[in-house]
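Have a look at this prediction, sequence included:
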Amino acid sequence: MLVAAAVCPAPPLLVPEVAAGAAAELGEARTACSDALAVLAASRPDLLVVVGAADEDHRGPYPQGARGTFRGFGVDADVQLGAGDEGPRLLPPSLAVGAWLLGRAGWGAAPVEGLGVGESLDTARCLEAGRGLAAREERVALLVMGDGSACRTLKAPGYLDDRAAAFDAAAARALAAADLPALAALESGLAHELKAAGRAPWQVLAGAAEGAGLEGRLLYEDAPYGVGYFVAAWS
């Protein structure tokens, strides 16, 4: 059963070495992520699963010890998903950022694994995947990595889309209230058009949280660089 969850944004810019001179701009987001991870540790899970969006080559499960890298972003920095033998595949960027957050927090509260979710995965399959994760152990926690729309300003990666602010507001309300039906109602087609990579991971969370009776808190909400970033803690 799911006993806790943390929702964090997944941009590699969250890693100070990647952000370089702009590192301070996401300092508040990093602090909120640390607070959310503290909720996970306090829940005393038997298993932590990091869930994040992934392209076709990086979908599926990742074992403890899987490695990720930020070398593709011009930084000589590697991460590992907990202690263990290196897996056969590199983590996708979303899970690599999650691994970095866990390493920064000194995570050692429970075994940790990863799951890369296709951004186009339909809602029903996202919910099903979440239910499967929650059934893995008696006490399961999730670290869910995902961004909102990337269309909030003219300089955003997806340019300005008038629908983006309303989409992000709906996502923020759902994450703040641990509102499972509202998360499940986020439209996959609209999320794709708005480049909202968090839609599928958030809906995996919705499936995992069914019957768990968790309450939510929104710890951070902003749209730096025109991208919606949210941090939430469920317990």
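It's in.

Assign residue 61 to helix, strand or coil.
strand (DSSP: H, G, I helix; E, B strand; the rest coil).

typed the wrong thing, it's residue 133
Secondary structure assignment for residue 133 (three-state DSSP): helix.

Could you double-check that it sits in contact with residue 206?
No - Residue 133 is not in contact with residue 206 according to CB atoms under 8 Å; the separation is 11.6 Å. Quick note: C-beta positions are derived from backbone N, CA and C, even for glycine.

out of these two, which sits in the more crowded spot?
Set residue 133 next to residue 206 and count neighbours by other CB atoms under 10 Å: residue 206 wins out with 25 against 22.

Export whatever helix or strand the more buried one lives in to CSV, keeping only CA atoms.
Following DSSP states H and E, one finds residue 206 within helix 199-208. Output of helix 199-208 as CSV, limited to C-alpha atoms (Å, rounded to 0.1, in the frame of the first residue of the first chain):
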residue,chain,number,x,y,z
ARG,A,199,0.9,14.1,-16.6
ALA,A,200,1.7,10.4,-16.9
PRO,A,201,3.8,10.1,-13.7
TRP,A,202,1.1,12.0,-11.8
GLN,A,203,-1.5,9.6,-13.0
VAL,A,204,0.7,6.7,-12.0
LEU,A,205,0.6,8.3,-8.5
ALA,A,206,-3.2,8.6,-8.7
GLY,A,207,-3.5,4.8,-9.3
ALA,A,208,-1.0,4.0,-6.5
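
Off-centre distance for the helix or strand following that helix?
Remark: after helix 199-208, the chain's next helix or strand is strand 216-222, criterion DSSP H and E. Offset of strand 216-222 from its chain centre (CA atoms, centre = their mean, to the nearest Å): 13 Å.

Nothing else from me, thank you.
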